[in-house]
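# generate a structure from the sequence data that follows.
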Amino acid sequence: MAARMFSRSVTSLIILSAVASPSFAGGLERGGYNIDQLFDTSQFSVQTGMIYVNPQRKLNNARDVDPTDGTVRGSTSADETEPYYIPYAGLKAGVGDADCLLDYSEPFGAHTNPGANWVGAQSQIETEIKSRNYGATCSYRFDVGPGQFRVIGGGFYQHIEGFRTRLVAPLPFPLSAAFDGTGRLDLEDNGWGWRAGVAYEIPEYAFRASLVYNSRVDYDNLTGTVDLTQVPGAVSPGNPFFGRVTPVKGSAEAPDSLELKLQSGIAPDWLAFGSVKWMNWSLLQSVQFCPTNGLPCPAGGLTSLDLHYRDGWTITGGLGHKFTDKWAGAVSLTWDRGTSQGYGSQTDSWTVGVGAAYTPTENIEWRVAGAVGVLTSGSSGTVTSGGITYGNDVTYSFGNDLVAALSTSLKVKF
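The predicted model follows:
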């Protein structure tokens, strides 16, 4: 009977200590897809929040694999990652047994910036990808046994944009006095996706089990430009792309995902929670871009975003506790399987998260959370898969690096 004394106000803690961990999960995941606000027990709620993430991945022992395309001189180490912010905003309304959520999020993104002064500059100098996601999700509840069964469905509109710069041709003097030899890819596109799921809840025991699928998003019109104005035509007079800006087009898919979440009261004011998520990152291998101005496309594209990902898995478990009518806390442990397969630096990560919720009145809830994790060690080298060779420009290694995150959010409910 102890579980019947469980205070349902602590059930929101599942988002606290685990919220920062997916923000540096594998692939291009940032905020991911999160519809937890849909389960808010109030009739109306407005929530806004922000996550700050500071990964500290450092590349070491870098070596220029192919000096025949021009020897790159520079440091053999580089700081690869940049800190970033992830915003969220949601509006939830309920009428009877129906609930709907409108939300803004940034599910995917990346920002690596090892710079121009390392020997891997021909692989990359800086890459940044940003996404904006506008979602609408609804559910309907009906009684089944001792609890309620919920059917979930919705859709979302997503916009993505980004750029990549790298050293195309190391230039000798006097060309280097006027040109830096770099090239830049800019891209953007938008698409639509949908989600469907089910959930079962027994409020008396603070029990909830949910299974939600998020569809792929087709970016079959990734358009942009390749700017090679910093590579003069004199480097290779027969190359029609040097010294100019070329419009390009490519295609890719944002991955679909499936996530199972569980929580249950285990003692008065104690909650256990966990989740398992699969992300179909293996969709992203090499995204090639070809000219759209009538010029023939070189083998492998005029340029490409080479990722060579495998599917991602994220497993989280934790405990939450209500200390007083105003204060509650939670702790979690998260393991995320790295998506790199011998190329790239996305290895497994382990993260410990802690969070607290302060509820000064029944209408206001303020949350703060933090996480500290380890990005495990590994190396990146030349890999051939599906007829495509990855990492034939630079090899490097990396040790166990730290990553930290902070998040805060404010919810007003009535």
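# give the buried residues for stretch 342-357.
Neighbour counts using 16 or more other C-beta atoms under 10 Å place 343-349, 351-357 of stretch 342-357 among the buried residues. Bear in mind the C-beta positions are built from the backbone N, C-alpha and C, glycine included.
# ignore what I typed, I meant stretch 284-293.
Across stretch 284-293, burial judged by 16+ other C-beta under 10 Å covers Leu284, Gln285, Ser286, Val287, Gln288, Phe289, Cys290, Pro291.
# what's the pLDDT at the first one?
Which is Leu284. Predicted confidence (pLDDT) for Leu284: 96.
# possible to save the buried residues of stretch 284-293 as CSV with secondary structure and distance to Ile51?
Output for the buried residues of stretch 284-293, formatted as CSV (DSSP: H, G, I helix; E, B strand; the rest coil; distance: C-beta to C-beta, whole Å):
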residue, secondary structure, distance to Ile51
Leu284, coil, 23
Gln285, coil, 29
Ser286, strand, 30
Val287, strand, 27
Gln288, strand, 32
Phe289, strand, 31
Cys290, strand, 36
Pro291, strand, 39
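# and which of the residues you listed is nearest Asn400?
Comparing the buried residues of stretch 284-293 against Asn400 with C-beta to C-beta places Leu284 closest, at 25.5 Å.
# wouldn't that closest one be in contact with Gly250 here?
No. In this structure, Leu284 is not within contact of Gly250 by C-beta atoms under 8 Å, at 11.8 Å.
# the host helix or strand of Ile315 packs against which elements?
In this assignment (DSSP states H and E), Ile315 forms part of strand 312-322. Here strand 312-322 touches strand 270-279, strand 327-336, going by 3 or more C-beta pairs under 8 Å, 6 or more residues apart in numbering; DSSP states H and E.
# pairing partners for it, with directions?
Neighbouring strands of strand 312-322 in its sheet, by DSSP bridges, are strand 270-279 (antiparallel), strand 327-336 (antiparallel).
# now these as CSV including mean pLDDT, distance to Ala136 and mean neighbour count?
Formatted as CSV, those follow (pLDDT from 0 to 100; distance: least, C-beta to C-beta, whole Å; neighbours: other C-beta atoms under 10 Å):
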stretch, mean pLDDT, distance to Ala136, mean neighbour count
strand 270-279, 94, 22, 20
strand 327-336, 92, 28, 21
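# could you dump the ones you listed into TSV with distance to Lys413 added?
Converted to TSV, the strands paired with strand 312-322 look like this (distance: least, C-beta to C-beta, whole Å):
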stretch	distance to Lys413
strand 270-279	19
strand 327-336	15
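# closest to Asn54 out of these?
Ranking these by proximity to Asn54 (C-beta to C-beta) places strand 327-336 first, at 16.6 Å.
# tally of neighbours for Thr384?
Counted with other C-beta atoms under 10 Å, residues neighbouring Thr384 total 12.
# okay, and the beta partners of it?
Beta bridges link Thr384 to Thr389, judged by DSSP bridges.
# mind checking how far it is from His308?
Separation of Thr384 from His308 (C-beta to C-beta, to the nearest Å) stands at 10 Å.
# same question, Ser407
Taken as C-beta to C-beta, the span from Ser407 to His308 is 31 Å.
# swap in Val374?
According to C-beta to C-beta, Val374 and His308 sit 23 Å apart.
# next, count neighbours for Ser236.
Applying other C-beta under 10 Å, we find 13 residues neighbouring Ser236.
# excluding its backbone neighbours, what's nearest it?
For Ser236, ignoring the flanking residues on the chain, the nearest one in space by C-beta to C-beta, 6 or more residues apart in numbering is Phe242 at 6.0 Å.
# backbone dihedrals for the one you found, please?
phi -70, psi 140 (degrees, to the nearest 10).
# give me the nearest residue to Thr351, chain neighbours excluded.
The shortest distance from Thr351 to any non-neighbouring residue, by C-beta to C-beta, 6+ apart, is to Gly373 (3.4 Å).
# would you map the helices across the chain?
Counting by DSSP state H, the chain has no helices at all.
# any idea how far the residue in it sticking out farthest from the centre lies from Ala116?
Distance from the centre of the chain peaks at Pro174, with 42.6 Å (C-alpha atoms, centre = their mean). For Pro174, the distance to Ala116 equals 19 Å [C-beta to C-beta].
# with Ala356 instead?
When distance is defined by C-beta to C-beta, Ala356 is 42 Å away from Ala116.
# circling back: so which of the helices and strands packed on strand 312-322 is nearest Asp256?
Between Asp256 and the helices and strands packed on strand 312-322, the shortest gap by C-beta to C-beta is with strand 270-279, which sits at 8.1 Å.
# neighbouring contacts of that closest one?
With C-beta atoms under 8 Å, 6 or more residues apart in numbering as the test, strand 270-279 has contacts from 6, 10-11, 13-14, 18, 22, 25-27, 29, 32, 206, 255, 257-266, 311-321, 330, 332.
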